[in-house]
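S.K.: Structure for this input, please:
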Amino acid sequence: MKSMKTLFAIAALTVSSLAMAAGGGDRAFERMEAARKDSMESYQIAQKQGTQLPVAESKAKAADHTSC
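M.R.: Got it, this is the predicted structure:
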């Protein structure tokens, strides 16, 4: 009976680990890496051309600047 419980526990852990491995984490990581690569390429091209890169500004800062 103990060996049956042990086999059941091992089978449950194996099945759950296989289910987790098929998640979308790998795809999300690949998209992040692709976005990072594109961003770095754009940044390097902009530096070579000497152009000013756009900078995002928060709405709170924009409101502070306009009230002066």
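S.K.: what's the longest helix in this protein?
M.R.: Taking DSSP state H as the assignment, the helix of the chain that covers the most residues is helix 25-49.
S.K.: Return the set of buried residues in stretch 24-33.
M.R.: When burial is assessed from 16 or more other CB atoms under 10 Å, stretch 24-33 yields no buried residues. To be clear about C-beta, it is placed using only N, CA and C from the backbone, and glycine gets the same treatment.
S.K.: can you list the weak-confidence ranges in this protein?
M.R.: Residue ranges of the chain with pLDDT under 70: 16-23, 52-56, 58, 60-68.
S.K.: Now with 90, please.
M.R.: 1-30, 42-68 (pLDDT under 90).
S.K.: which residues are in contact with the strand or helix carrying residue 5?
M.R.: Using DSSP states H and E, residue 5 sits within helix 2-21. Helix 2-21 is contacted by no other residue when judged by CB atoms under 8 Å, 6 or more residues apart in numbering.
S.K.: Alpha carbons of that helix, in CSV - could you do that?
M.R.: Provided in CSV are the C-alpha atoms of helix 2-21 (Å, rounded to 0.1, in the frame of the first residue of the first chain):
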residue,chain,number,x,y,z
LYS,A,2,2.9,2.4,0.8
SER,A,3,4.5,1.7,-2.6
MET,A,4,1.1,2.5,-4.3
LYS,A,5,0.9,5.8,-2.5
THR,A,6,4.5,6.6,-3.4
LEU,A,7,3.9,5.8,-7.0
PHE,A,8,0.7,8.0,-7.0
ALA,A,9,2.6,10.9,-5.5
ILE,A,10,5.4,10.6,-8.0
ALA,A,11,2.9,10.4,-10.9
ALA,A,12,1.0,13.4,-9.6
LEU,A,13,4.2,15.5,-9.3
THR,A,14,5.4,14.5,-12.8
VAL,A,15,2.0,15.3,-14.4
SER,A,16,1.9,18.7,-12.7
SER,A,17,5.4,19.6,-13.7
LEU,A,18,4.7,18.8,-17.3
ALA,A,19,1.6,20.9,-17.2
MET,A,20,3.5,23.9,-15.9
ALA,A,21,6.2,23.5,-18.5
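S.K.: With that, I have no additional questions.
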